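Q: Next one to model:
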Amino acid sequence: MKIKFILLFICINIICFSQNKILIIGGTTHVGNGEVVSPSAIVINNNIIEEVLNQKNIKIDTSQYDTIINATNKHIYPGFIIPNSKIGITEIDAVRATRDFKEVGCINPHIRSIIAYNAESKIINTVTVNGVLIGQIVPQGDLITGKSSIVNFKAWNWEDAVLKEDDGIHLNWPQSFINKGWWGHHKDDEKSKNRVYEIMKLKQFFDQALSYYNKENNIVDIKMESMKDLFDDKKTLYIHADYVKDIQDAIIFAKKYNINNIVLVGGDDAIKAKKILKQHNIPVILNRIHSLPSTEDEDIDEFYKLPYELHKNNILFCLGYKGDMDAMGTRNMPFTAGTAHAFGLPKEAAISAISLNAAKILKIDNYVGSIEKGKIATLFISKGDALDIKSNDIVCGLINGEFIELINHQEKLYNKFYKKYNLK
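A: Below you'll find the model as predicted:
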């Protein structure tokens, strides 16, 4: 009896850990790099995309697959990526105990967002049901906020979630102007009184960090140790700046210290700073484009058409969702790409702006960001256009080759009271 139990246990483990070969056929695959394959056949083997083929050109032996998904009349997309996010390190904005995204002090390059990441946040399932499957988790704060990390939105814990750990350090460049108005009332903007002092503070810190990098030190300084990877280009410096003058000053500042891996985050005036961005090959992570114009004199669609302007000028960019209630609002991030498409950005370029472009900027494009041979199987299937709020309806999703639950607490509550009151 004992021998039989041991054999049964071994057999169960062999089944659980054996390769699961998946075939997705018949759908329209938006690869993420601008290409479309329709009808497509996608082969996933051991969590890796093995083939992406045109179904018309091949003969399929269905007996070779463990799972076959018929995606006829449906669309297949790479998992969308949200950069510059607080998902997992905040839950309810009105409850202080759930906000774990900001540390005291104004210069904290050693702070790591990943150790605060909550893989069981209820917000996560509200964004995965709209195709946002990967996120860059960024600490908030004063001048230097700390290190971000990139995670899969399906995990048991933060160690399990990590796709790329400590990918870069975030610098909030001192603003030229401070908005004192209500929401979009920029007429109340005033010059920052502390800008010069804050820049001097940054200069002093970077001078110390560079000196520490160039010398052997018997005493370890964790802040200075954290800065080392910037100077040898192992990590990225994410510069958060919006105004054209701030963008230019911040880039010149970084280049003074021979920092080459730079990404501009925010970039409301990015198109006005296109010369310096192209000169130094600096990509841009945009703020939420569903925003009011930066000044009263700008067009009402200033930010709607900004992605098209950057695309037209061959500046690599991706879409973010930074703004008020950005963590829970991330579920609407794919629809901002739809708005960008409506205002001139080609359809497949709009998809790239929330998939492959983001992966390139975050330097994870070797693993994710598109549906290509050799990459991790992080993708989803939608009945309609994933960029259209009316037709987006995800019926299947995979993260790291594993199927995800396509339900969240909001939907559970809806179904609960739908049954209670016998609604039709």
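
Q: Isn't Gln140 up against Asn84?
A: No - taking contacts as Cβ atoms under 8 Å, Gln140 lies outside contact range of Asn84: 10.0 Å. Where you see a C-beta, it was placed from the backbone N, CA and C, and this is true even at glycine.

Q: Can you tell me the SS state at Leu133?
A: strand (DSSP: H, G, I helix; E, B strand; the rest coil).

Q: same question, Asp160
A: Using three-state DSSP, the three-state assignment for Asp160 comes out as helix.

Q: ok, now which ones touch it?
A: Ala119 (Cβ atoms under 8 Å, 6 or more residues apart in numbering).

Q: And the contacts of the helix or strand harbouring Gln410?
A: Using DSSP states H and E, Gln410 sits within helix 409-420. The contact list for helix 409-420, computed with Cβ under 8 Å, 6+ apart, reads 122, 125-126, 129.

Q: so which two of those are the farthest from each other?
A: Lys122 and Val129 (12.2 Å; Cβ to Cβ).

Q: which neighbours do the two share?
A: Listed as contacting both Lys122 and Val129 by Cβ under 8 Å, 6+ apart are Asn408.

Q: Buried among the contacts of helix 409-420? Make that a ChimeraX selection.
A: In ChimeraX, a selection of the buried entries from the contacts of helix 409-420 looks like this (16 or more other Cβ atoms under 10 Å):
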select :125,126,129
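
Q: now, among the contacts of helix 409-420, which is nearest to Ser176?
A: Set against Ser176, the nearest of the contacts of helix 409-420 by Cβ to Cβ is Thr126 (35.9 Å).

Q: excluding its backbone neighbours, what's nearest the closest one?
A: What sits nearest to Thr126 in space, not counting adjacent residues and going by Cβ to Cβ, 6 or more residues apart in numbering, is Asn408, at 4.7 Å.

Q: same check, this time on Lys255
A: Nearest residue to Lys255 in three dimensions, chain neighbours excluded: His280, at 6.8 Å (Cβ to Cβ, 6+ apart).

Q: Can you tell me the SS state at the residue nearest the centre of the chain?
A: For the chain, the residue nearest the mean C-alpha position is Ile82 (2.4 Å; Cα atoms, centre = their mean). Here Ile82 is strand, with the state taken from three-state DSSP.

Q: and it, what is it in contact with?
A: Residues in contact with Ile82 (Cβ under 8 Å, 6+ apart) are 127, 132, 134-136, 320-321, 330, 333, 354, 358.

Q: related to what we said a few turns ago, of Gln140 and Asn84, which one has the most company?
A: Taking other Cβ atoms under 10 Å, Gln140 and Asn84 do not tie; Asn84 has more neighbours (23 against 17).

Q: Please give me every residue in contact with the more buried one.
A: By Cβ under 8 Å, 6+ apart, Asn84 lies in contact with 136, 138, 148, 238, 265, 285, 320, 322.

Q: Confirm the fourth one sits in a strand?
A: Yes - applying three-state DSSP, one finds Tyr238 inside a strand.

Q: Tell me how many other residues crowd it.
A: Number of residues near Tyr238 (other Cβ under 10 Å) recorded here: 27.

Q: Over to the second one?
A: Other residues within reach of Val138 by the criterion other Cβ under 10 Å amount to 27.

Q: Do I have it right that it meets Ser113?
A: Yes - contact criterion Cβ under 8 Å: Val138 and Ser113 qualify, at 6.2 Å.

Q: okay, and the common contacts of the two?
A: Any residue near both Val138 and Ser113 by Cβ under 8 Å, 6+ apart counts here, and that gives 101, 148.
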